[in-house]
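Colleague: can you look at this prediction? I've put the sequence above it.
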Amino acid sequence: MSKSDRIDVYLVAGGKYHNIDHARLELLKLLAEQPRIKVRVGEDYSDIDAICAADFIITYTCDVIPGETQTRRLQDYINAGGKWFALHGTNSILEFLAPDADGNPQVDCPEHNTPFMEILGSQFIAHPPIHEYEVLVTEPDHPLVTGIPTFTVDDELYLSKFHGDYRTLLHTHWSDTVANFVRTDWVKQTDVQPVLYLHPYGEGTVLYLTLGHCRGKYDMQPLIEEYPAAEEGAWKTPEFHELLRRGIRWAMAPGH
């Protein structure tokens, strides 16, 4: 195999309140299915030179936000034609506030880095309690989702504020209120909530998949010393793994 066949990938896997070890391992296993791929791994955007030297980026994070200079580099990378496969909490900024009068926790999602969210095409604002919900195919003829049946996940249903154009490939439905999150600007005129979408940015593209929650025993520290039960979300479903495989193949291929 010649050197020109190699595809360099940077995986950012890090952050809070999730079983990052599980997600990192599963993504590395899926990336390892592609013999052309060579992977570097980091827990944040600090190694921005290596990130922007990669052929594509894949991220699984929660409350991990690049600094101003790193954000500009990411803007340039995608603007110039780069591809980014972003998962689950990549678009999250979380601030835990004082409980309300009834003692319920309150979470804010401030817009501390709007340019970063504009690259991704969305910012996480809220989710209802983890529950089972159906994921439906929006564009059945698109190769990223063709042949994927309607499937059920027991996951976080992401409600997000969107930036710019996006093409929804998978969706679910939600229109009720959400407790514990202070912002409501996820509310749209329709109850259709994107689950997988493509977002053009300059000459490049972001593929965003909101599924993939997972949490282990110690992942809520220091808020909770030991979390009572492990959560694996969509990782338990074959459809999610197929979507990850297709996203990796999409990122490997030329074009958008």
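Modeller: The structure has been received and is ready for your questions.

Colleague: Asp5 reaches Ile37, doesn't it?
Modeller: No. Counting by CB atoms under 8 Å, Ile37 is not a contact partner of Asp5; they are 10.3 Å apart. For every residue, glycine as well, the C-beta is placed using N, CA and C.

Colleague: neighbour count for these two, which is higher?
Modeller: Between Asp5 and Ile37, counting by other CB atoms under 10 Å, Ile37 is the more crowded of the two (18 against 8).

Colleague: as a check, name the ranges of all helices in the chain.
Modeller: 20-32, 48-53, 68-79, 114-120, 238-252 (DSSP state H).

Colleague: quick one: residues contacting the closest residue to Phe124 other than its chain neighbours.
Modeller: With CB to CB, 6 or more residues apart in numbering as the criterion, Phe124 has its nearest non-adjacent residue at 4.2 Å, and that residue is Ser92. Shown in contact with Ser92 (CB atoms under 8 Å, 6 or more residues apart in numbering): 61-63, 109, 123-124.

Colleague: quick one: which of those residues is most hemmed in?
Modeller: For those, the largest number of neighbours (other CB under 10 Å) sits with Phe124, at 26 neighbours.

Colleague: quick one on the thing from earlier: which one of the helices of the chain lies nearest to Val12?
Modeller: helix 48-53 (7.2 Å; CB to CB).

Colleague: run the chain-centre distance for that closest one.
Modeller: 19 Å (CA atoms, centre = their mean, to the nearest Å).

Colleague: same check, this time on stretch 106-123
Modeller: Remark: stretch 106-123 is offset 13 Å from the chain centroid, using CA atoms, centre = their mean.

Colleague: same check, this time on stretch 248-256
Modeller: Its chain's C-alpha centre and that of stretch 248-256 lie 17 Å apart, by CA atoms, centre = their mean.
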